[in-house]
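Peer 1: Provided below for reference: sequence and predicted model.
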Amino acid sequence: MSDWKTIIGLEVHAEMLTETKMFSACPVVDSVTADPNSATDPLSLGMPGTLPVINRRAMEYGMMVGLALNCTIPPFNQFARKNYFYPDLPKGYQISQYDHPLAVDGYVDIELEDGTTKRIRVRRAHMEEDTGKLSHVGGGASLVDYNRSGVPLLEIVTEPDINSSAEAEAYARKLRAILQFLGVNHGDMSKGVLRFEANVSVMHKDDAQFRTRTEIKNLNSIRSMVRAIDAEVERQIALYKRGEMVKPATLGWDEDNGRIIIQRYKERPDEYRYFPEPDLPIVEVSRAWVERVRASLPELPDAKRARYVGLGLTPYDARILTMDRPVAEYYEAMLQTGLDAKTAANWVTGDLFRLMNEAKIDREAVNSLPLTAQAFAQLIQLVERGTINAATARKEVLPILWAEGGDPAQIVEARGLAQVSDPDLIGRVLDEVLAADDDAVRSYLSGKEQAANALFGQAMKQLKGKGDPAVVRQLLTEKLQAKRG
Ligand code: ADP
Ligand code: MG
């Protein structure tokens, strides 16, 4: 393998979360829940005689993405017709951009597993309209839904700077987070609002130039993208090793069987006969407009991460708390209660993520859990103030909050979980424990200090887990020392 290097360029299509379509006042609806063809108008249906009007909000969303990806916004951009026939494209052409895209020459810094960062250059981002959606229903029949037809779509294209499926994954996650933080796309790949295509080739270590690339389409999750890239890299290397060539092709990914499907070989590049869209003006972008949009950008993942590190978080915790916007919102809602940033981060990345992983709940769904950020923060405050100990919080209160929500203080009260710190009571319990376990005491006195842990455990058990661990530990040590003397 080490003789071969992987080369990947990603093309990402992101729908812009506007209320209306790219070129008309037709509403944009949820592709999964809305009835098919319930959000169409003469424009979305490609009727002759209709005229497009540019959605200003969509252009601004596109500019926000361009700026967040460190792109230059050229002084003008221009729409162009991309001509081809397909049943999901009733006009026979898609309005896109070609020579003069909205944004050019940016980059995204991605974080790799080993803690290093890498810069992936963004070649361009251009505005276009989405097509309709075909469903192949079997029996040779297909259904078409034009709700999606004309939804604003931003296409974001990288340079071939990505050298492994892990880097592709890091880029995809980072880009998705940026789009979410900007509020222009909610990042739900299962609904098709964010779609990835991977251009893949391999290079031998002696090569001076890129080899032939293939393009994998319709990757509907990040996991599929990673698996598809790995399979395609393996396929290409195997072909070269057998002395065969890789032919330019459009590929699909069969998720169920974990296999690349060759959809069609490309004998020559596609010819779309692009030409400037005659029904739309050139879009002039004044510097003042760019600066207004720049000023409206919210805090983005990199800035947020740096701020969290400044609050005392480890770079690792800061990174995972800024990977999904809902997680960052949840975490910040906890901090609103005055909780220490580092303490809150430990509970979120430790206990909360463990519970979510066990229940197979996506991190994006964190704000719809019964366990609200406020209740979670209050629980941690109870520990911080010594009302309950951490073990009681974890084992007794958290499972209740997780399952049914509620008020942590009330749960502690109703179940009598408050921590026992009374030294007299703890002292009496310890005396009983020491009297009952001579072996452990003798073994401690003979130098086996771990024997104290067993005694500590027994005392905590007697105290129904509610003992203040610091008090129990200290009194135990004192009593054992006394026996020594
Ligand atoms: P065009 O669509 O104009 O032909 P390119 O072919 O240059 O543009 O690039 C399309 C996408 O393919 C870009 O994301 C680019 O980074 C990527 N790409 C270009 N060459 C290669 C290659 N040899 N291997 C993998 N990806 C490539
Ligand atoms: Mg396109």
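Peer 2: Received it, and whenever you're ready, just let me know what you need. Numbering: from 1, shown residues only. Ligands and ions are numbered 1, 2, ... in the order given.

Peer 1: what's the distance between stretch 97-116 and the middle of its chain?
Peer 2: Centroid separation for stretch 97-116 versus its chain: 17 Å, with Cα atoms, centre = their mean, to the nearest Å.

Peer 1: when you give positions from now on, start the count at 290
Peer 2: Yep, numbering from 290; the last one is stretch 386-405 now.

Peer 1: list the buried ones in the stretch of helix or strand residue 348 belongs to?
Peer 2: Assigning secondary structure by DSSP states H and E places residue 348 in helix 345-357. Within helix 345-357, the residues that count as buried by 16 or more other Cβ atoms under 10 Å are 347-357. Bear in mind the C-beta positions are built from the backbone N, C-alpha and C, glycine included.

Peer 1: Which strands or helices does it pack on?
Peer 2: Under the contact definition 3 or more Cβ pairs under 8 Å, 6 or more residues apart in numbering; DSSP states H and E, helix 345-357 sits against strand 392-400, strand 406-418, strand 441-447, helix 454-471, helix 576-584.

Peer 1: Kindly state which of the ones you listed is positioned closest to residue 674.
Peer 2: Closest approach to residue 674 among those (Cβ to Cβ): helix 454-471, 33.8 Å.

Peer 1: what about the residue of the chain found nearest ligand 1, which SS state?
Peer 2: When distances are taken as Cβ to the nearest ligand atom, the chain approaches ligand 1 most closely through residue 298, which lies 2.1 Å from it. With DSSP: H, G, I helix; E, B strand; the rest coil as the basis, residue 298 sits in strand.

Peer 1: what stretches of the stretch 640-774 of the chain score poorly on pLDDT?
Peer 2: The stretch 640-774 of the chain contains residues with pLDDT under 70 at 774.

Peer 1: go on, the stretch 440-589 of the chain?
Peer 2: Across the stretch 440-589 of the chain, no stretch falls below the confidence threshold (pLDDT under 70).

Peer 1: Up against ligand 1, what does it have?
Peer 2: Taking Cβ under 6 Å from any ligand atom as the contact definition, the stretch 440-589 of the chain meets ligand 1 at 446-449, 488-490, 499, 502.

Peer 1: ok so, going back, which other residues reach the helix holding residue 348?
Peer 2: By Cβ atoms under 8 Å, 6 or more residues apart in numbering, the list of residues contacting helix 345-357 from outside reads 303, 305-308, 311, 362, 391-392, 395, 414, 416, 441, 443, 445, 467-468, 470-471, 473, 572, 574, 578-579, 582-583, 585-586, 589.

Peer 1: and it, average pLDDT?
Peer 2: Throughout helix 345-357, pLDDT has a mean value of 98.

Peer 1: next helix or strand past that helix?
Peer 2: Beyond helix 345-357 in the direction of the C-terminus, DSSP H and E gives the next helix or strand as strand 365-366.

Peer 1: strand partners of that next one, parallel vs antiparallel please.
Peer 2: Here strand 365-366 is paired, per DSSP bridges, with strand 572-573 (antiparallel).

Peer 1: and the partner strand, how far out from the chain's middle?
Peer 2: Distance, stretch centre to chain centre, for strand 572-573: 33 Å (Cα atoms, centre = their mean).

Peer 1: And the residue nearest to residue 466 when sequence neighbours are not counted, what's its pLDDT?
Peer 2: Distances taken as Cβ to Cβ, 6 or more residues apart in numbering put residue 590 closest to residue 466, at 4.8 Å, once the chain neighbours are dropped. Residue 590 carries a pLDDT value of 95.

Peer 1: Now tell me what touches the longest helix seen in the chain from outside.
Peer 2: Of all the elements of type helix in the chain, the one with the most residues (DSSP state H) is helix 511-530. Helix 511-530 is contacted by residues 290, 293, 295, 297, 454-455, 457-458, 461-462, 465, 478, 485, 487, 489-491, 493, 503, 505, 508, 534-535, 540, 542, 544, 547-549 when judged by Cβ under 8 Å, 6+ apart.

Peer 1: would you turn the helices and strands packed on helix 345-357 into TSV with mean neighbour count?
Peer 2: What follows is those, written out as TSV (neighbours: other Cβ atoms under 10 Å):
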stretch	mean neighbour count
strand 392-400	19
strand 406-418	20
strand 441-447	23
helix 454-471	22
helix 576-584	12
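
Peer 1: and residue 704, which of the ones you listed is closest to it?
Peer 2: When the helices and strands packed on helix 345-357 are ranked by distance to residue 704, counting by Cβ to Cβ, first place goes to helix 454-471 at 38.5 Å.

Peer 1: Report all helices and strands that that closest one contacts.
Peer 2: Of the remaining helices and strands, those touching helix 454-471 by 3+ Cβ pairs under 8 Å, 6+ apart are strand 293-304, helix 345-357, strand 392-400, strand 406-418, strand 483-493, helix 511-530, helix 590-599, helix 614-624.

Peer 1: Pipe those into CSV and attach distance to residue 331 per row.
Peer 2: Putting the helices and strands packed on helix 454-471 into CSV (distance: least, Cβ to Cβ, whole Å) gives the following:
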stretch, distance to residue 331
strand 293-304, 21
helix 345-357, 19
strand 392-400, 30
strand 406-418, 14
strand 483-493, 26
helix 511-530, 36
helix 590-599, 40
helix 614-624, 36
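
Peer 1: among the ones you listed, which is nearest residue 758?
Peer 2: helix 614-624 (23.9 Å).

Peer 1: Kindly export the closest one (C-alpha atoms) in PDB.
Peer 2: Backbone C-alpha positions of helix 614-624 (Å, rounded to 0.1, in the frame of the first residue of the first chain) are rendered in PDB as follows:
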ATOM      1  CA  ARG A 614     -24.000  23.100  16.600                       C
ATOM      2  CA  PRO A 615     -26.700  21.600  18.800                       C
ATOM      3  CA  VAL A 616     -24.000  20.200  21.100                       C
ATOM      4  CA  ALA A 617     -22.300  23.600  21.400                       C
ATOM      5  CA  GLU A 618     -25.700  25.200  22.100                       C
ATOM      6  CA  TYR A 619     -26.400  22.600  24.800                       C
ATOM      7  CA  TYR A 620     -23.000  23.100  26.400                       C
ATOM      8  CA  GLU A 621     -23.300  26.900  26.400                       C
ATOM      9  CA  ALA A 622     -26.800  26.700  27.900                       C
ATOM     10  CA  MET A 623     -25.200  24.800  30.800                       C
ATOM     11  CA  LEU A 624     -22.500  27.500  31.200                       C
END
